[in-house]
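Undergrad: My questions are about this predicted structure, shown below with the sequence.
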Amino acid sequence: MHIAFLLPEYPHEKLPKSAGIGTSTKNLLKALIDKGLKITVFTYFQDKHEVFKDGDITIHKIKLRKYPVLTWKLNEGIINKYINKIIKKDAIDILEVVDWTGITANMNFCIPQVMRLHGSDTFFCHLEGREIKEANFNREQKAFQKADKIVAVSQFVAEKTNSLFDSNKEITIIPNGIYINDFQPDISRKVDGMILYFGTLIRKKGIFELAYIFNELIQMNNNCHLVLVGNDAIDAAEQRSTWEIFQEELSAEAIKKVNYLGTVAYDRMKTLINEATVCVFPSLAESFGMVTIEAMALEKPFVNTDYPWAKEIVKDGETGFLVDPKSHVEFAEKINLLLTDTELASKMAEKARQEAIKHFDITKIAEENIKIYQSLVEKKL
């Protein structure tokens, strides 16, 4: 089978910085290649048109054309026409799209469409209490209804999306995954007292809650320090650096114990996770949470948000702690417990890795996706 993916982002040096959708999708694509499938990726709204290879994956950059009016609508037509040409030329069987901004709402393809729910703009606006742009909502709802098959990365995002779009579509739940063998725990690297946050520095990830949590923690335990890794976003509310605002929220004592490393290479990131004593994930809005399963695979104790998506990944008190990020003292207490009770932390971390191996191995998850693609190909025949 030949499967194509229409994506807003993809992790490659020839493309803009990629976040969770890009990382999780690339893991899946590599696993599908290993299973014998042929893969093409289309990335839209790019700086120029270019076709290149990423290993066995063919990448098409589709240039954003700017016009005095109707830029989005005219680009929809350009993207649609180009993809249809490649579908015929390269005999593509299935096109997978994402829910974000409903890019395919007004497009028509001659092959079946799978939509994967990573979390639409409508979904995240709802979770964050922000107003959704009417144009975005209409596109996302229309694209959702047009898809031949819907896959969601969590039960939570599936149910919430159906509700928001006033739908009852059948949705298959297939979580994101990682190559477990690429995540090998190395206890010898552990740095005592190191607390690690990794992910974009952005309000919805609970980054400001983390500042308040760390202010509390440093009063309980002065022998710890916080390391932040990830891209610094411009805060939507204040229109300035999130890192800049984060520092302003720290106490005079806490700020001395914080180190921000910015973005790092993927292999370096795994080293940093191995170095951490405890990982922290205080997210307020998520559809899945790739960072959590990466920490689990590297056998790290962690404190996570107690919001619905996390409960599908973490068994509270067994594989990690789940706490409301706005309960700053309680969140800090759980971090401190893992810092000071090494036996408890070790047992939870071991169970977390076992859970990651059982449920989030991308080689097994790829097979579930192939069944979806195969069913659509057979239905078309």
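TA: Received the coordinates, thanks. Given the structure is predicted, the values throughout are model-derived calculations rather than measurements.

Undergrad: rest of the way, CA atoms for contacts and neighbours
TA: OK.

Undergrad: Walking through the stretch 151-300 of the chain, point out its strands one by one.
TA: Taking DSSP state E, counting those that start in this stretch, the strands of the stretch 151-300 of the chain run over residues 171-173, 194-198, 225-229, 258-260, 278-281.

Undergrad: Okay, now the sheet partners of the fourth one, with direction.
TA: Which is strand 258-260. Strand pairing for strand 258-260, determined by DSSP bridges: strand 225-229 (parallel).

Undergrad: what residues does the strand it pairs with touch?
TA: 193-200, 214, 257-264 (Cα atoms under 8 Å, 6 or more residues apart in numbering).

Undergrad: Can I get the buried part of these as one ChimeraX selection?
TA: Buried members of the contacts of strand 225-229, defined by 16 or more other Cα atoms under 10 Å, are picked up in ChimeraX with:
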select :193,194,195,196,197,198,199,200,214,257,258,262,263
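
Undergrad: list the contacts for M348?
TA: 301, 317-320.

Undergrad: Model confidence score at it, please.
TA: Looking at M348, its pLDDT is 97.

Undergrad: what does L381 give?
TA: We have a pLDDT of 64 for L381.

Undergrad: try A236
TA: Per-residue pLDDT puts A236 at 87.

Undergrad: So what's the residue count around it?
TA: Residues near A236, counting by other Cα atoms under 10 Å, number 12.

Undergrad: For I180, see how far away it is.
TA: To I180, A236 is 35 Å away according to Cα to Cα, to the nearest Å.

Undergrad: cool, I59 as well?
TA: I59 sits 25 Å away from I180, going by Cα to Cα.

Undergrad: cool, and Y67?
TA: For Y67, the distance to I180 - Cα to Cα - is 46 Å.

Undergrad: more crowded one of those two?
TA: With neighbours defined as other Cα under 10 Å, Y67 and I180 compare such that I180 has more, 19 against 10.

Undergrad: Settle this for me: that one is touching I357, isn't it.
TA: Yes - with contact defined as Cα atoms under 8 Å, I180 reaches I357; the gap is 6.5 Å.

Undergrad: So which residues of the stretch 51-200 of the chain form helices?
TA: Along the stretch 51-200 of the chain, counting by DSSP state H, counting those that start in this stretch, helices occupy 71-90, 121-128, 134-146, 155-164.

Undergrad: which of the residues in the shortest one are buried?
TA: Applying a neighbour-count criterion of 16+ other Cα under 10 Å, one finds 121-124 buried in helix 121-128.

Undergrad: Which strands or helices does it pack on?
TA: helix 134-146, helix 155-164 (3 or more Cα pairs under 8 Å, 6 or more residues apart in numbering; DSSP states H and E).

Undergrad: In TSV, list those helices along with mean neighbour count, mean pLDDT and distance to L272.
TA: Below are the helices and strands packed on helix 121-128 laid out as TSV (neighbours: other Cα atoms under 10 Å; pLDDT from 0 to 100; distance: least, Cα to Cα, whole Å):
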stretch	mean neighbour count	mean pLDDT	distance to L272
helix 134-146	19	96	37
helix 155-164	18	97	30
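
Undergrad: In this structure F281 contacts T292, no?
TA: Yes - the criterion here is Cα under 8 Å, and F281 meets it with T292 at 7.4 Å.

Undergrad: Report the buried residues of the lowest-mean-pLDDT helix or strand in the chain.
TA: One helix or strand of the chain scores below all others by mean pLDDT, DSSP states H and E: helix 20-34, with a mean of 91. Neighbour-count burial for helix 20-34 flags 20-33 (criterion: 16+ other Cα under 10 Å).

Undergrad: Make CSV from the residues you listed and add distance to A285 to it.
TA: Listed next are the buried residues of helix 20-34 as CSV, based on distance: Cα to Cα, whole Å:
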residue, distance to A285
G20, 13
I21, 15
G22, 18
T23, 18
S24, 17
T25, 20
K26, 22
N27, 22
L28, 23
L29, 26
K30, 28
A31, 28
L32, 29
I33, 31
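
Undergrad: Most neighbours among the contacts of M348, which one?
TA: Greatest neighbour count in those, by other Cα under 10 Å, goes to P301: 30 neighbours.

Undergrad: element containing the nearest residue to that one once chain neighbours are set aside, please.
TA: Leaving aside its sequence neighbours, P301 sits nearest to A349 (Cα to Cα, 6 or more residues apart in numbering; 4.7 Å). Taking DSSP states H and E as the criterion, A349 maps to helix 342-359.

Undergrad: Next SSE downstream of the least confident helix or strand of the chain?
TA: Next helix or strand after helix 20-34 toward the C-terminus (DSSP H and E): strand 38-46.

Undergrad: Show me what that next one is packed against.
TA: strand 2-7, helix 20-34, strand 57-63.

Undergrad: Could you export that strand as CSV, CA atoms only?
TA: Taking C-alpha atoms only, strand 38-46 is exported to CSV below (Å, rounded to 0.1, in the frame of the first residue of the first chain):
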residue,chain,number,x,y,z
LYS,A,38,5.3,3.2,0.8
ILE,A,39,5.0,6.7,2.3
THR,A,40,4.6,10.2,0.9
VAL,A,41,4.3,13.4,3.0
PHE,A,42,2.7,16.6,1.8
THR,A,43,3.5,19.7,3.9
TYR,A,44,1.6,22.9,3.1
PHE,A,45,2.0,26.7,3.5
GLN,A,46,5.8,26.4,3.0
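
Undergrad: got the angle for that strand vs strand 57-63?
TA: Counting by axes from the mean of the first three to the mean of the last three Cα atoms, to 10 degrees, strand 38-46 points 20 degrees away from the direction of strand 57-63.

Undergrad: From N215, how far off is I335?
TA: Distance from I335 to N215, by Cα to Cα: 12 Å.
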